[in-house]
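> what's the 3D shape of this:
(chains A and B)
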2 protein chains.
Amino acid sequence: MSKLAVVAFGGNALLRAGQKGTISEQEENAFDASKNLVKLIRKDYNLVLTHGNGPQVGNIFLANAAGHKMYGIPDMPLDVSVAYSQGFIGYMLEQQLRNVLMMEDLDRDIISIITQVLVNKDDPAFRNPSKPVGPYYTKAEADQARDETDSVFKEDPAGRGWRKVVASPKPMMIFNRVSIERIAREGHIVIAVGGGGIPCFFVEENKIQGIDAVIDKDLASALLATQIRADRFFILTDIPKVCLNFNTPQQETIDRMSIARAQHYLDEGQFAEGSMAPKIRAAISFVERTGKDTIITDTTLLGVDNGGTRITIV
Amino acid sequence: MSKLAVVAFGGNALLRAGQKGTISEQEENAFDASKNLVKLIRKDYNLVLTHGNGPQVGNIFLANAAGHKMYGIPDMPLDVSVAYSQGFIGYMLEQQLRNVLMMEDLDRDIISIITQVLVNKDDPAFRNPSKPVGPYYTKAEADQARDETDSVFKEDPAGRGWRKVVASPKPMMIFNRVSIERIAREGHIVIAVGGGGIPCFFVEENKIQGIDAVIDKDLASALLATQIRADRFFILTDIPKVCLNFNTPQQETIDRMSIARAQHYLDEGQFAEGSMAPKIRAAISFVERTGKDTIITDTTLLGVDNGGTRITIV
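Okay, the predicted model is just below:
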């Protein structure tokens, strides 16, 4: 029987540091990323792909702000910006993966699903919004935007100005989880939970509503992998293996570690916030609840024996 | 056995004439539109929903143009704007339909699929782009934008300035058609082909690519309905029945007409371009190829006996 894997791409799988984000750049990056999935497909994995959206949602947010200023277009909360980014990145990734599958003569459909994710309105993250999004403002602009939109703004520690900050609540449930599992186990490739999913909450009984927040994509991907009972969870990053003492003369790579060991290094501060730390937490979350392994690596090592760092239950 | 229906919403199902397009307006409209699907569900129809995106893609296009001017964000071609709008409208429609289903105690999943649609690069529409999109420019601005982006601009006949015009090629194939049919026949509600679908073409063997064009959503919906072998095709509009001599003292409503009769009225010029004419063409296209009926009506008459205008093979 085929195994089921969740593969989490970073937002930078499509838009790399230093690039402007033109469509042809993102197309090429998506093609390169897709090529690396072929080894997994040939090893008979059924696949669910997830992706970040950091660089893209930044551009969407800027464009919305500019459209509001120049043309009076209504303000769009972040749930809508995430929805835009799912449409865009899902499209781009699906298109390039279709090209790869055609070249490789592999016959699978690809279904990109716009995914809502439930969060809890009581999540402590809402009391202390801390994730910066969008452009830098002057103090006066930030004050005005705060009054108009009820958003929270904080001064950038590096002195570049004021930025909107939003909550990053914990994902509780993937609305489409049952369908995602069914479609993937039928042998089709599903793209889902883009940008961590569109955050929604129960505003009252039988009524969900979007909320101005963003969900960490690694955590949302781990939850999805758990809820669809994946056999393997791959988290992609820029480096082939997780490192200790990263970027120091004492740097060493890790081939394999238990979740207890991973938690120990996390507590020691070995992994940078906003970078490796959320990936390690997502890996621990999946392994702890399923007993299955997580592999953290870069896209080129997907499906390569002993590629990446393997995180295991013991 | 359940019947399968395709229901095509207009873009104005979410953003009505005279509204600015705030999120709360669009949420409320989507909720109202969704409520009307319950009668069809209770009549044991499996559903595929499609939707237009005219008002929304207009705002997306303006925001992109403003973001390009103010912040130097790379220009986005129309295929990407359509992808954004599929993310947004699919999200909004799915969310409000979820609320309706919860209230009505109906247990179906809703799967919103980002949909690419194949067009032919040799389509004559590409030799004469004619569909206006986005903001009005001065002649100088239009000349500059043309040089920068290879777009075509035409002067507005009403003298409001210059606007980008794009091709509206004929849809040839819905990439996800097999999966859409399978998921819908399993009893889940699929949202697909938003805004007529993301236009793509074969740039070479085994390589598809997006293109700066828009596909008529009624025609794309008719093609989808045909390709998934729907039993019924509903096209929603602002009026309960199709009219002859519309908006004149001689106006009369049509309860039922054959496709030959519909073609006759179309040739007479009874139906306005950009409004009822494309709906009649889409209806003819579906009925002609399947022998099944199309119903054109407003959302409140969905599933009501003898609601709307029925278009039949003879």
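> can you pull out the strands in the stretch 201-314 of chain A?
Assigned by DSSP state E, counting those that start in this stretch, the stretch 201-314 of chain A shows strands spanning A:207-210, A:232-236, A:243-244, A:252-253, A:256-258, A:294-297, A:309-312.
> so which of the ones you listed gets nearest B:Gly52?
Set against B:Gly52 and scored by Cβ to Cβ, the strands of the stretch 201-314 of chain A come closest in strand A:207-210, at 21.3 Å. The C-beta positions use only the backbone N, C-alpha and C, and glycine is treated the same way.
> check which helices and strands the closest one sits against.
On a contact count with 3 or more Cβ pairs under 8 Å, 6 or more residues apart in numbering or on different chains; DSSP states H and E, strand A:207-210 meets strand A:116-118, strand A:198-204, helix B:78-103.
> thinking again about what came up before, tabulate the strands of the stretch 201-314 of chain A in JSON lines, adding columns for mean pLDDT and mean neighbour count.
Compiled in JSON lines, these are given as follows (pLDDT from 0 to 100; neighbours: other Cβ atoms under 10 Å in any protein chain shown):
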{"stretch": "strand A:207-210", "mean pLDDT": "97", "mean neighbour count": "18"}
{"stretch": "strand A:232-236", "mean pLDDT": "97", "mean neighbour count": "27"}
{"stretch": "strand A:243-244", "mean pLDDT": "96", "mean neighbour count": "16"}
{"stretch": "strand A:252-253", "mean pLDDT": "96", "mean neighbour count": "12"}
{"stretch": "strand A:256-258", "mean pLDDT": "98", "mean neighbour count": "16"}
{"stretch": "strand A:294-297", "mean pLDDT": "97", "mean neighbour count": "25"}
{"stretch": "strand A:309-312", "mean pLDDT": "98", "mean neighbour count": "22"}
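> among those, which is nearest A:Ala140?
Among the strands of the stretch 201-314 of chain A, if distance is taken as Cβ to Cβ, the winner is strand A:207-210, at 29.1 Å.
> how about the residues of the stretch 201-314 of chain A near chain B?
A:206-210 (Cβ under 8 Å from any Cβ of the partner chain).
> nearest residue to whichever residue of chain A sits closest to chain B in space, please, no chain neighbours.
Closest residue of chain A to chain B, Cβ to the nearest Cβ: A:Gly87 (2.5 Å). Setting aside the residues directly before and after it, A:Gly87 is nearest to B:Gly87 in space (Cβ to Cβ, 6 or more residues apart in numbering or on different chains), at 2.5 Å.
> on that earlier part again, is it true that the residue of chain A closest to chain B touches B:Phe88?
Yes: A:Gly87 lies in contact with B:Phe88 (Cβ atoms under 8 Å); the separation is 6.9 Å.
> helices along the stretch 151-300 of chain A, start to end?
A:177-185, A:217-227, A:259-268, A:276-290 (DSSP state H, counting those that start in this stretch).
> ok, the nearest residue to A:Gly194 once chain neighbours are set aside - contacts?
Nearest in space to A:Gly194, with sequence neighbours left out and distances taken as Cβ to Cβ, 6+ apart, is A:Gln86 at 3.8 Å. A:Gln86 sits next to A:53, A:112, A:114-115, A:194-195, A:198, B:87, B:91, B:114 when contact means Cβ atoms under 8 Å, 6 or more residues apart in numbering or on different chains.
> how about JSON lines for the residues you listed, with neighbour count added?
Below are these laid out as JSON lines (neighbours: other Cβ atoms under 10 Å in any protein chain shown):
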{"residue": "A:Asn53", "neighbour count": "25"}
{"residue": "A:Ser112", "neighbour count": "30"}
{"residue": "A:Ile114", "neighbour count": "32"}
{"residue": "A:Thr115", "neighbour count": "30"}
{"residue": "A:Gly194", "neighbour count": "33"}
{"residue": "A:Gly195", "neighbour count": "31"}
{"residue": "A:Ile198", "neighbour count": "31"}
{"residue": "B:Gly87", "neighbour count": "31"}
{"residue": "B:Tyr91", "neighbour count": "26"}
{"residue": "B:Ile114", "neighbour count": "32"}
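> if I look at A:Glu155, how far off is A:Thr253?
Applying Cβ to Cβ, to the nearest Å, the value for A:Glu155 to A:Thr253 is 38 Å.
> what's the answer for A:Ile41, then?
According to Cβ to Cβ, A:Ile41 and A:Thr253 sit 27 Å apart.
> which positions in the lowest-mean-pLDDT helix or strand in chain A come out as buried?
In chain A, no helix or strand scores lower on mean pLDDT, DSSP states H and E than strand A:131-137, which sits at a mean of 82. Using 16 or more other Cβ atoms under 10 Å in any protein chain shown as the test for burial, strand A:131-137 gives A:131, A:133-135, A:137.
> out of these, who's near chain B?
A:Pro135.
> mind putting the buried residues of strand A:131-137 in CSV, distance to B:Gln19 included?
CSV is the format used below for the buried residues of strand A:131-137 (distance: Cβ to Cβ, whole Å):
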residue, distance to B:Gln19
A:Lys131, 31
A:Val133, 27
A:Gly134, 25
A:Pro135, 27
A:Tyr137, 28
